[in-house]
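> sequence and computational prediction follow.
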2 protein chains.
Amino acid sequence: MIRALLAATAALALSAPALADTLVDNVDGLTIDATGGVERFTGLLIGDDGRIVQVLHRGDKRPGKVDYFVDGQGQVMVPGMIDSHGHVMSLGFSALTLDLTDTKSLAEALAKVAAYAKVNPDRPWILGRGWNQELWPEKRFPTAAELDAVIGDRPVWLERVDGHAGWANSKALAAAGVTALTKAPAGGSIERLPGGKPAGVLVDNATELVAKAVPAPRPEDRDLALAKAQEILLARGVTAIADMGTTVEDWQSFRRAGDNGSLRVRIMAYAMGTDNMALIGGPGPSPWLYDDKLRLNGVKLYADGALGSRGASLKAPYSDAPTVKGLRVTGDTQLKNFMSRAALDRFQVAIHAIGDEANAAALTAIEDMNQTYTGDRRWRIEHAQVVDPADIPRFAKAGVIASMQPVHQTSDRLMAEARLGPNRLAGAYAWASLAASGARLAFGSDVPVELADPWAGFAAAISRTGPDGQPFGGWQPQERVSRELALAAYTSGGAYAGFAEGRFGRLQRGERADFLLIDRDPMLASPAEIRATQVMQVWVGGRPVHQHGN
Amino acid sequence: MIRALLAATAALALSAPALADTLVDNVDGLTIDATGGVERFTGLLIGDDGRIVQVLHRGDKRPGKVDYFVDGQGQVMVPGMIDSHGHVMSLGFSALTLDLTDTKSLAEALAKVAAYAKVNPDRPWILGRGWNQELWPEKRFPTAAELDAVIGDRPVWLERVDGHAGWANSKALAAAGVTALTKAPAGGSIERLPGGKPAGVLVDNATELVAKAVPAPRPEDRDLALAKAQEILLARGVTAIADMGTTVEDWQSFRRAGDNGSLRVRIMAYAMGTDNMALIGGPGPSPWLYDDKLRLNGVKLYADGALGSRGASLKAPYSDAPTVKGLRVTGDTQLKNFMSRAALDRFQVAIHAIGDEANAAALTAIEDMNQTYTGDRRWRIEHAQVVDPADIPRFAKAGVIASMQPVHQTSDRLMAEARLGPNRLAGAYAWASLAASGARLAFGSDVPVELADPWAGFAAAISRTGPDGQPFGGWQPQERVSRELALAAYTSGGAYAGFAEGRFGRLQRGERADFLLIDRDPMLASPAEIRATQVMQVWVGGRPVHQHGN
């Protein structure tokens, strides 16, 4: 029945942009309400513009007649999840790239390459990654000739699992101009056949020889990546995402999707740097486009690097590298110049800051900006991963949103312990402390660095444990947050962080009807159960856009 | 009454995008009909979507009741004029630049600069052009100090009337880093005070020292320029234009106007080269956006330069420079590569070709492309200014649209005679010969090189005379076209050249109601009278967007 409705509504949408009234009833609904608490309800009446007309509670009179009726069959209804930090196009591209990580032999890898090339006849290059000759019985580097035997018509370039080597076929070597006469660059090597001809694998800095010959993605590849990314996000229940680092090419792809009606996930874009910002937005943030599906909100800036590579800028040296304090990608003056440039035209500023020094610097810069650029600015610090406890109160005071990714905590905890030592963990992934200090939180995934899975994030947020349930009792468990706060950070908090409150993020009258039907109640289920949440149906703007198994 | 309707309809449009039915009656209407002839009618019924519901003839029954009724008071109604070759942003920028051409003294020029700066307090630089010290009693170059006395707070840069010198104030010299120590580049000179300090005026190649310090226009400047350009076009009765050489920045400005509802003139965009094309359009031409107000149709390419500067590529040497045959901006192979790149993704190709060699080369390239890229391609040659009579039949045979600018003939005729000599004039501005050969024509202005005035173009097209009525009987009068053909080339022909037939360009059922009410009948008035046409009202998409005197 639901499948029939999906088809009927889709057909309707194609023939007429205006939808008829829809009643989704008999649900176990929950949403963050206007006071920040959780409101329960049992039905949703949706108008022909895709906005919520009425939130119905048990005992409320139902309308006598509606055009479409959906029996929720007692399933749990929650607002569509908002991923407040992701990389939409990278997600799509990475999903479209051939994945060889699970191949158990050279023959299996070659068969996968051949099959992939066959179903992608229009791709000018075949790109892949993830092979590891140590997992193959051969235990030797593969060759260009072996690849040529399966694909001779176009270049193939396959990165090794660690990114430190690449395997090319002859077409790729030729396109890159790598011959017997090519010398390997410093810090790299070219595997060679007897006689000096390149054998096919290039190592470390030599990989760049081929990588730079790979053509930039074509617009049609970008559009395909966007479609794929949307599919993946919707399957997880993500109906809106903050795209962190939008290039003008990304934006054009978003607009093409908006123009032709294939934009299904709402995108709040933060341009990659001020040049993209000015080119995309012009004199200020774009309007909300395509019925609140797309807006350029502002700009993404970088204060520092990442913890794993010791690029995060720390106040004191790394515990596991006593001479290293990390890197500031953007210095104080330059950061403030970029922020002024953006704030002058009322672009929202989102600053990547991982280390405690970078977070302090971002806060200082924001405090400075606040003296000039008053009003509702919603400065964002992205990650806010390691914060000096002394700096935590500065977030709320300066009106800074902490945009954090709960899964990073579970993925990174052992690495973080090594990098920071035992005495700097109090301000690491300090969700509860930030919330208690009055800072607003928005949760996200950093997809494709992590999976775009809000359920894994929700479970991590309330438990500080990973998918294995470890560590027992949770890592730095005082930083767990309540289920209500986790739900808010994935819905209303994400909307607020993107200037979208009142448009989506809550199930309340007047907002877009973006919701999920899921098979369990995140307010009651155990963390392990929450991780296993099945998203049964996804609706965006009052239209079903995804259902489980499709 | 019309003013009241304008206000009422504008208010209506703000509150509701859907318009009610409108009847414009009692007009002396004319349009190109489906057969290419002229159809007369007396009223137009417009639906709430801005499209024509019915073309009413004398004696046809009028609808009993409409929401809005406009009495045309017997005025002449014609379709909105389509300018098939213009430069929208350049038009706007040039109109916004301070114009000093009519200043009669240094004091007057300074007063104009000061007044302009006062009404443009947000412009970071004051830019102007057109001064000529020979027209001033002073008869000497002006100085930076004189400019400083009126504007000391920001840089000022004013080009001389011929573009061969520029006048800077001290702020501009400082911004450009021009000091007593600066050496003039080869081919340029810096006027100096005793002691060597730059005096303010820089000549020829030295102007580049300051010009390159002028910041790129800000997005808000671009939006202002677009608004200004639309105002100028609408005042002349131009409701649609082919923008030849759209950059991504231009496109973003067009989209901003579309997004915020301020796009009033329809723009058919041809990207400046294939890089802009791919960035703007992605995998192919954009859809028609904003109710047919904007589309990226294709790409503008350049085969050669211009006749005046002897950059047009001729088969035989210039008559007034026997060693010069002109310049090919893009060689044959590169031209074909660009064309393939565009045609592969079904972008339309518009090739600038002025000289007979360039036109022949463009035709050859198109003939080659036709073997691979079949279907409805609508190749365009822009200007087609000097064509070897032997090549004229190749236009129709290869399906090439001749996109020509009638006013160029009247402006250029003496220069063209000098450049080409008496024996090459038969194929110059050969509108009638091209039409007789079966080629489709589209007329435009090349604004801002010429005024965006379709009436001057119409008069030139039917008379081969200039505004002074010269030469008597017309220059190469055998190339005059009929009034019907001129009207078609400014309306239905322009629509066809931009893949817009059926959308606008004719006043017929189902097309957008884009029309003008004018004060005389171009099918009856003399050329001089046609030049003096007053555009009383302009409607685009069934809405009044301009009226005379406003």
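Thanks, I have it.
> how's chain A carved up into domains?
Residue ranges for the domains of chain A, per the TED database: A:125-212, A:219-546.
> chain center to the longest one: distance?
So the one you mean is domain A:219-546. Computed by C-alpha atoms, centre = their mean, to the nearest Å, the chain-centroid distance of domain A:219-546 equals 8 Å.
> repeat that for the shortest one.
In terms of C-alpha atoms, centre = their mean, the centre of domain A:125-212 is found 31 Å from the chain centre.
> quote the end-to-end distance of that domain.
Domain A:125-212 has an end-to-end distance of 13 Å (C-alpha to C-alpha, to the nearest Å).
> out of the domains of chain A, nearest to chain B?
domain A:219-546 (3.3 Å; C-beta to the nearest C-beta). Backbone N, C-alpha and C define where each C-beta goes, glycine included.
> got the residues of the stretch 251-400 of chain A near chain B?
Applying C-beta under 8 Å from any C-beta of the partner chain, we find that the stretch 251-400 of chain A lies next to chain B at A:252-253, A:255-256, A:259-260, A:278-283, A:286-287, A:289.
> rewinding a little: tell me which of the domains of chain A is the most buried.
domain A:219-546 (a mean of 21; mean count of other C-beta atoms under 10 Å in any protein chain shown).
> A:Asp102: helix or strand, and which one exactly?
For A:Asp102, there is no host helix or strand (DSSP states H and E).
> A:Lys104 and A:Trp136 touch, don't they?
Yes - assessed by C-beta atoms under 8 Å, A:Lys104 is found in contact with A:Trp136 at 6.8 Å.
> right, and the helix or strand after the helix or strand hosting A:Asn359?
Counting by DSSP H and E, the element that carries A:Asn359 is helix A:356-372. Where DSSP H and E defines the elements, the next helix or strand beyond helix A:356-372 is strand A:380-383.
> if I look at the residue sitting nearest the centre point of chain A, how far off is chain B?
In chain A, the C-alpha nearest the mean C-alpha coordinate belongs to A:Gly86, at 2.2 Å (C-alpha atoms, centre = their mean). Look at A:Gly86 and chain B: by C-beta to the nearest C-beta, to the nearest Å, they are 22 Å apart.
> circling back: and the helix holding A:Asn359, what does it pack against?
Counting contacts by 3 or more C-beta pairs under 8 Å, 6 or more residues apart in numbering or on different chains; DSSP states H and E, helix A:356-372 packs against helix A:332-344, strand A:348-353, strand A:380-383, helix A:392-398.
> follow-up on the earlier one: switch the domains of chain A over to CSV; also include distance to B:Ala402 and mean pLDDT.
Output for these, formatted as CSV (distance: least, C-beta to C-beta, whole Å; pLDDT from 0 to 100):
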stretch, distance to B:Ala402, mean pLDDT
domain A:125-212, 41, 94
domain A:219-546, 31, 97
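> and B:Ile52, which of the ones you listed is closest to it?
domain A:219-546 (25.3 Å; C-beta to C-beta).
> what parts of the stretch 101-250 of chain A come near chain B?
The stretch 101-250 of chain A has residues A:Arg218, A:Pro219, A:Glu220, A:Arg222, A:Asp223, A:Val248, A:Glu249 near chain B, with proximity defined as C-beta under 8 Å from any C-beta.
> which two from those residues end up farthest apart in space?
Maximum pairwise distance among these (C-beta to C-beta): 17.0 Å, between A:Glu220 and A:Val248.
> show me where the stretch 151-300 of chain A has its strands.
For the stretch 151-300 of chain A, the strands defined by DSSP state E, counting those that start in this stretch cover A:156-160, A:165-168, A:188-192, A:198-204, A:238-246, A:266-272, A:294-302.
> one more: the stretch 351-500 of chain A?
Under the criterion DSSP E, counting those that start in this stretch, the stretch 351-500 of chain A contains strands at A:380-383, A:401-404, A:441-443.
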